[in-house]
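> build the 3D model from these lines:
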Amino acid sequence: MIPTFFQTWLDSNPINPTIAVVVGALLVFLIARFVVARGLIYLTTRTQNKWDDILVKHLHPYRLAWVAPLVVFYLFAYLWPEAESLVETGSLFLIVWLVVLTFTSMLSAVNLIYESRATYTGVSIQGYLDLGKIVFLAVGAILSVSLITGQSPVLLLSGLGAIAAVLLLIFHDTILALVASIQIAANDLVREGDWIEVPGFNADGDVTNISLHSIKIQNFDKTFTVIPTYKLMDVSFKNWRGMSQAGGRRIKRSIFIDIQTIRFCDQVDMERLNKLGLLKDYIPTRSWSPDGASPEKPRSTNVGAFMAYIEAYLRSRPDMHKDMTLLIRHLDPGPNGLPIEIYVFSNTTVWEQYEAIQASIFDHLLAVIPEFELRVFQQPTGKDFTVLTTRTA
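Okay, the predicted model is just below:
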């Protein structure tokens, strides 16, 4: 109820209502911005919890403060009879979009809070939140059209069936991305923080962000590859998460032995190899004499002794994963000699440590091969041909 004296003042001059509403809206805005909004921000800085900081940051209190003067204009629009409908529509239009923007920002805050938890496992919900943003924007668009045209939102929604085909074309990628996001989340295919390889997109690195429409990967050369979410389901990719969870990374590499250097061991060889501490359990089980060989005690070869040495050496290393496969085997002989494949797992998945372990193993094995009178095969080089020419000259 407006006081009589105030109503008399309003009626005394046509410009007085405008002055009153503008002054009132300005006062309300100043209170909302410099008291409510600033007070809210101040309170969040005084708490130890970081979640409220994220919420208030995305709430944008200073922007939301504009709702207060718009409400004043909407409530007192009747003071301008000729422009009442225009003022009400304009005020509601701006209020709707300020509220929509606030809700979409709050969804971003929810995602940040979710990912900042100590129990976060990398399972992203950003795709679903992005879908929620689309819904809010669609509601804002429908309400805006309803305000401008004066039609009921229900009537506008009932007419969407007629343009469903057009909407399907417009939101084609969004629908595909939504289906792909559901498949990725339901089957736990990719999480933020996973190391994945996608050869079809030349991507090899860590997943830094999963949204409704795209998956962002930071490659190991520090470049970024952005893959449409639905495209990831159309190509093959490798996820290394299993390796990280298992706690061991595979080492699979071969040493090529020159076949011409493979032979049976004699007594001298057995005595020399017996001095290698790692073969103390192997030598007693092998024979060096052709006459003494038997199925229970077969005749030893230098390559067999070398393989036994490799296995004993790897089992003695503390950086090998003892609960995973440790296998030393022959592969098919070929033009490059006899491959002796080492198939083991390190007990770390850290890249730098893994490479150091792998280098240490093969440095040692390549250096110890001459003890078994074996030779590593390698293609002849220019120096080899020079030596051959010198000898034949």
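
> when you work out contacts or count neighbours from here on, use the C-alpha atoms and nothing else.
Noted.

> give me the element the residue nearest to Glu341 when sequence neighbours are not counted is part of.
Nearest non-adjacent residue to Glu341, counting by C-alpha to C-alpha, 6 or more residues apart in numbering: Ser254, 4.1 Å away. Using DSSP states H and E, the element containing Ser254 is strand 249-257.

> for this structure, give me the ranges with low pLDDT.
Scanning the chain for pLDDT under 70 picks out 1-17, 121-122, 154-170, 288-296, 381-393.

> domain map for it?
With automatic domain parsing as the criterion, the domains of the chain are listed as 4-172, 184-240, 247-372.

> got JSON lines for those, with mean neighbour count too?
Listed next are those as JSON lines, based on neighbours: other C-alpha atoms under 10 Å:
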{"stretch": "domain 4-172", "mean neighbour count": "16"}
{"stretch": "domain 184-240", "mean neighbour count": "18"}
{"stretch": "domain 247-372", "mean neighbour count": "16"}
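
> turn those into a markdown table, including distance to Gln378.
Shown next, in a markdown table, are the domains of the chain (distance: least, C-alpha to C-alpha, whole Å):
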| stretch | distance to Gln378 |
| --- | --- |
| domain 4-172 | 46 |
| domain 184-240 | 31 |
| domain 247-372 | 7 |
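
> for Phe264, which non-adjacent residue is spatially closest?
Closest residue in space to Phe264, ignoring its immediate chain neighbours: Thr301 at 4.2 Å, by C-alpha to C-alpha, 6+ apart.

> what's near enough to touch the one you found?
Ile262, Arg263, Phe264, Cys265 (C-alpha atoms under 8 Å, 6 or more residues apart in numbering).

> element containing Gln245, please.
According to DSSP H and E, Gln245 maps onto helix 241-246.

> what residues does that helix touch?
So helix 241-246 is contacted by Asp194, Trp195, Arg249, Thr349 (C-alpha under 8 Å, 6+ apart).

> distance of the residue nearest to Glu341 relative to Ile310?
12 Å (C-alpha to C-alpha, to the nearest Å).

> how far does the helix holding Gln245 sit from its chain's centre?
Taking C-alpha atoms, centre = their mean, to the nearest Å, one finds the center of helix 241-246 at 14 Å from the center of the full chain.

> list the buried residues of it.
Of all the residues in helix 241-246, not one is buried under the rule 16 or more other C-alpha atoms under 10 Å.

> same list, the contacts of Thr301, but as JSON lines with secondary structure please.
What follows is the contacts of Thr301, written out as JSON lines (DSSP: H, G, I helix; E, B strand; the rest coil):
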{"residue": "Ile262", "secondary structure": "coil"}
{"residue": "Arg263", "secondary structure": "coil"}
{"residue": "Phe264", "secondary structure": "strand"}
{"residue": "Cys265", "secondary structure": "coil"}
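
> now do the SS call for Met208.
Quick fix: residue 208 reads Thr, not Met. Classification of Thr208 by three-state DSSP places it in strand.

> what sits against it?
By C-alpha under 8 Å, 6+ apart, the contact set of Thr208 is Glu192, Gly193, Ile215, Lys216, Ile217, Gln218.

> can you confirm the second one is in a strand?
Spelled out, that is Gly193. No: looking at Gly193 with three-state DSSP, it is coil, so not inside a strand.

> list the contacts of the residue nearest to it when sequence neighbours are not counted.
Excluding the flanking residues, the one nearest Gly193 by C-alpha to C-alpha, 6+ apart is Val207, at 5.1 Å. Counting by C-alpha under 8 Å, 6+ apart, Val207 touches Arg191, Glu192, Gly193, Asp194, Trp195, Ile196, Ile215, Lys216, Ile217, Gln218.

> same thing but at 7 Å, please
Glu192, Gly193, Asp194, Trp195, Lys216, Ile217, Gln218 (C-alpha atoms under 7 Å, 6 or more residues apart in numbering).

> how near is Pro298 to Ala180?
In terms of C-alpha to C-alpha, Pro298 sits 59 Å off from Ala180.

> out of the contacts of helix 241-246, which is nearest to Phe93?
Asp194 (43.3 Å; C-alpha to C-alpha).

> shouldn't the closest one be in contact with Asp206?
Yes: judged on C-alpha atoms under 7 Å, Asp194 makes contact with Asp206 at a distance of 5.5 Å.

> just the strands in the protein please.
Ranges of strands within the chain are 195-198, 203-210, 214-219, 224-228, 238-239, 249-257, 327-330, 338-346, based on DSSP state E.
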